[in-house]
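1. my questions concern the predicted model and sequence given below.
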Amino acid sequence: MDFLIKYIKNSLDNIVFLSLFLGVLSYWISVVFPTFKFVNKLGFINLLISNLFITVILGWRWVESGYFPLSNLYESLLFFTWGITFLTLLVELVTSLLLVGAVTSPLAMFIVGFATLSLPDGMQKAAPLVPALKSNWLMMHVSIMMFSYSTLIIGSLLSIVFLVLTQGKQVSLQGSSIGVINSQTFDIENKNSLDNLKPNTIRKEGILEKKLSLLESLDNLSYRIIGLGFPLLTIGIIAGAVWANEAWGSYWSWDPKETWALITWLVFAAYLHARITRSWQGKGPAVLASIGFIVVWVCYLGVNFLGKGLHSYGWIA
């Protein structure tokens with residue numbers, strides 16, 4: 001019986017990894033060859049399959065263990081991937097922007113590969129909860145924090161892509177960071193190839209217009225997604241503080257995880273402050289979001305590798 005359960009688990013893990021791998025290939029082919037529109041649909045379908053099977057895995061573990069499956073690193077990584085794939089699918093349905101899936105699907109594939117291939121079997125098995133985790137706050141606090149990480153990671157990735165596409169160019173976006181931007185003007189200058197950027201022909205005008213539209217979409221979409229992730233992060237931190245007070249009698253203890261959660265909150269608070277109150281757009285906020293990408297990873301995984309603090313149990317000790 002145990003052999004059968006292990007076989008089914010491994011099969012589900014392999015299906016998730018394979019579907020993500022096929023999704024990466026499909027998205028990248030659709031980006032390189034935009035005329036192959038059917039390949040884009042394959043990428044979306046494979047991402048959907050991986051999301052559904054991750055849901056099955058987490059649901060199975062929930063029923064099997066009797067608690068929400070977020071007690072160890074394996075379950076956490078799967079839920080993190082579920083959040084990334086779910087948000088990617090949602091964004092694609094709303095915007096039809098292929099670049100989102102092309103950027104997030106490789107990340108999701110590597111996370112699943114690390115969770116299923118690198119982690120030892122002992123860290124993948126569900127174990128009884130320690131007393132401090134036997135609370136209804138487990139599902140609320142940890143799930144909201146993980147979903148906020150997924151959201152902030154996607155928003156930061158789009159900002160990194162924006163910086164890559166505008167490298168060596170001066171980009172000036174004029175418009176409002178609040179509400180729907182109906183019209184924006186872009187000023188792109190590349191000193192090394194100014195002649196190539198002049199729309200002397202209809203074809204060049206079309207290419208330039210598409211590039212500017214892509215930059216507009218990346219900048220605006222990154223802001224929208226981070227704007228969704230930041231309130232989730234705030235709620236998750238507050239819920240964690242309330243839970244900590246119930247479990248240990250203190251709302252805040254400057255645990256390494258708590259400290260880095262605060263740093264993460266401050267970085268993205270600065271990003272949103274720059275966007276909303278100072279109306280910054282383009283490279284400035286994108287640099288802040290890129291820093292946030294690193295900070296989120298340190299907060300999520302970095303401090304757990306230290307094996308210190310109140311959050312070390314259930315992860316890496």
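-> Alright, I've got the coordinates. Numbering: from 1, shown residues only.
2. remind me, longest helix of this structure?
-> helix 202-248 (DSSP state H).
3. please work out the average pLDDT along that one.
-> Mean pLDDT, computed over helix 202-248, is 80.
4. run through the neighbouring helices and strands of it.
-> Applying 3 or more C-beta pairs under 8 Å, 6 or more residues apart in numbering; DSSP states H and E, we find helix 202-248 packed against helix 73-95, helix 98-113, helix 137, helix 143-165, strand 173-174, strand 185-186, helix 256-276, helix 283-297. Yep, even glycine has a C-beta here, placed from its N, CA and C like the rest.
5. off-centre distance for the third one?
-> Relative to its parent chain, helix 137 has a centroid offset of 23 Å by C-alpha atoms, centre = their mean, to the nearest Å.
6. just the fourth one next, same as before
-> Relative to its chain's centre, helix 143-165 lies at 4 Å (C-alpha atoms, centre = their mean).
7. show me which positions of stretch 27-45 end up buried.
-> By neighbour count with 16 or more other C-beta atoms under 10 Å, stretch 27-45 contains the buried residues 27, 28, 29, 30, 31, 39, 40, 42, 43, 44.
8. my guess is the second one contacts residue 99. True?
-> No. In this structure, residue 28 is not within contact of residue 99 by C-beta atoms under 8 Å, at 10.6 Å.
9. CSV for the buried residues of stretch 27-45, including secondary structure, distance to residue 259 and pLDDT?
-> As requested, the buried residues of stretch 27-45 are exported to CSV (DSSP: H, G, I helix; E, B strand; the rest coil; distance: C-beta to C-beta, whole Å; pLDDT from 0 to 100):
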residue, secondary structure, distance to residue 259, pLDDT
27, helix, 36, 91
28, helix, 38, 91
29, helix, 43, 90
30, helix, 42, 87
31, helix, 39, 85
39, helix, 44, 77
40, helix, 42, 73
42, helix, 43, 90
43, helix, 38, 89
44, helix, 39, 91
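10. from the residues you listed, which is closest to residue 156?
-> Comparing the buried residues of stretch 27-45 against residue 156 with C-beta to C-beta picks out residue 27 as the nearest, at 18.8 Å.
11. how about the closest one, what does it touch?
-> By C-beta atoms under 8 Å, 6 or more residues apart in numbering, the contact list for residue 27 reads 40, 43, 98, 101, 102, 105.
12. which two from the residues you listed end up farthest apart in space?
-> Pairwise distances across the contacts of residue 27 (C-beta to C-beta) peak at 11.9 Å, for the pair 40 and 105.
13. still on that earlier bit, just curious, which of the contacts of residue 27 is nearest to residue 83?
-> For the contacts of residue 27, the nearest to residue 83 is residue 105 (13.7 Å; C-beta to C-beta).
14. thanks again, I'm all set now.
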